[in-house]
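Peer 1: what follows is a predicted structure for the sequence shown.
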Amino acid sequence: MTNSGTLAGRTALVTGAASGIGLGIARLFITEGASVVLADRNPAVDDVAREIGAAGSVSFDATDEEAVAAGTARAEETLGRIDTLVTSHGILTEAPLHEMSLATWDQTIAVDLTSVFLLNRAVLPSMLRRSDGRIINVASQLAIKGGIGLAHYSAAKAGVIALTKSLALEVSRSGVLVNAIAPGPIETPLVDGISEDWKAVKRTELPLGRFGRVDEVAPTAVLLASDPGGNLYVGQVLGPNSGDVMP
């Protein structure tokens, strides 16, 4: 996508922005004219923000309620307001359910679902006061179809989709549009942690026969954040997934 200024004058907070899909979205938002604050628990986010010309960066643990409140407040102070929130952080581990520890389950639910609730809740008051805002939660196509060895991840991402739809019903008439992106397998550091056997099998299942790239996902976020492009999307789940799920 070339620079068309689609998001000129808009602001955004993007989580998980030190790498992967979050970084790709943040970079494209900036290219499209938005002022962006990058958030990640990885302190390297500060260097990444300087490298891509972001307005600023914040580092915090998105599972910590107080840290989320403080981090979003710092981002809002930097930006003046948060027009768009993109929650693109997460963890991905692999374990059969009968061998999965409660600690592994709890960690995945906390990082991949509870943190999304905390972030959505944190930005809503100012969006509702302005009657304007976009929230884009990054889920996964595994929320829809499940995955072997990925019951915890799939359950968390299904929760993200349910949260997204429910919140969209609550706030759309107040001017806040909430949607989700459910990518298929994308070549990112997150997927690097999955076994090569799993990835090889997965590639054979995909109609495109390959995993996606970050730059093929980021334009979907631009669409949802844009005016008028995203104006009619309410509680939708858009799936750049190589054909893995066809709703």
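Peer 2: It's in.

Peer 1: what's the helix or strand hosting I30 packed up against?
Peer 2: Using DSSP states H and E, I30 maps to helix 20-31. Counting contacts by 3 or more C-beta pairs under 8 Å, 6 or more residues apart in numbering; DSSP states H and E, helix 20-31 is packed against strand 11-15, strand 35-39, helix 45-52, strand 84-87, helix 189-192, helix 214-225. C-betas here are computed from N, CA, C, even on glycine.

Peer 1: which one, of these, ends up nearest to T93?
Peer 2: Proximity to T93 (C-beta to C-beta) singles out helix 189-192 among those, at 10.3 Å.

Peer 1: so for that closest one, what's the average pLDDT?
Peer 2: Confidence over helix 189-192, taken as the mean pLDDT, stands at 75.

Peer 1: how far does it sit from its chain's centre?
Peer 2: Its chain's average C-alpha position is 15 Å from that of helix 189-192, according to C-alpha atoms, centre = their mean, to the nearest Å.

Peer 1: hang on, A182 packs against K145?
Peer 2: No. Using C-beta atoms under 8 Å, A182 is not in contact with K145, being 10.0 Å away.

Peer 1: more neighbours: which of these two?
Peer 2: In terms of neighbours (other C-beta atoms under 10 Å), A182 is the more surrounded of A182 and K145; the figures are 26 against 13.

Peer 1: that one and T104, how far apart?
Peer 2: In this view, A182 and T104 are 23 Å apart by C-beta to C-beta, to the nearest Å.

Peer 1: show me where the protein has helices.
Peer 2: In the chain, the segments counted as helices under DSSP state H are 20-31, 45-52, 65-79, 102-109, 115-130, 142-145, 151-171, 189-192, 196-205, 214-225.

Peer 1: just the ones you listed: most buried one?
Peer 2: Burial among the helices of the chain, expressed as mean neighbours by mean count of other C-beta atoms under 10 Å, is greatest for helix 20-31, which shows a mean of 25.

Peer 1: then it to CSV, C-alphas only?
Peer 2: Extracted C-alpha coordinates of helix 20-31, given in CSV (Å, rounded to 0.1, in the frame of the first residue of the first chain):
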residue,chain,number,x,y,z
GLY,A,20,5.3,-9.1,14.1
ILE,A,21,1.8,-8.0,13.2
GLY,A,22,1.7,-5.1,15.7
LEU,A,23,4.9,-3.6,14.2
GLY,A,24,3.5,-4.0,10.7
ILE,A,25,0.3,-2.3,11.6
ALA,A,26,2.0,0.5,13.4
ARG,A,27,4.4,1.1,10.5
LEU,A,28,1.6,1.2,8.0
PHE,A,29,-0.5,3.5,10.2
ILE,A,30,2.4,5.9,10.3
THR,A,31,2.8,5.7,6.5
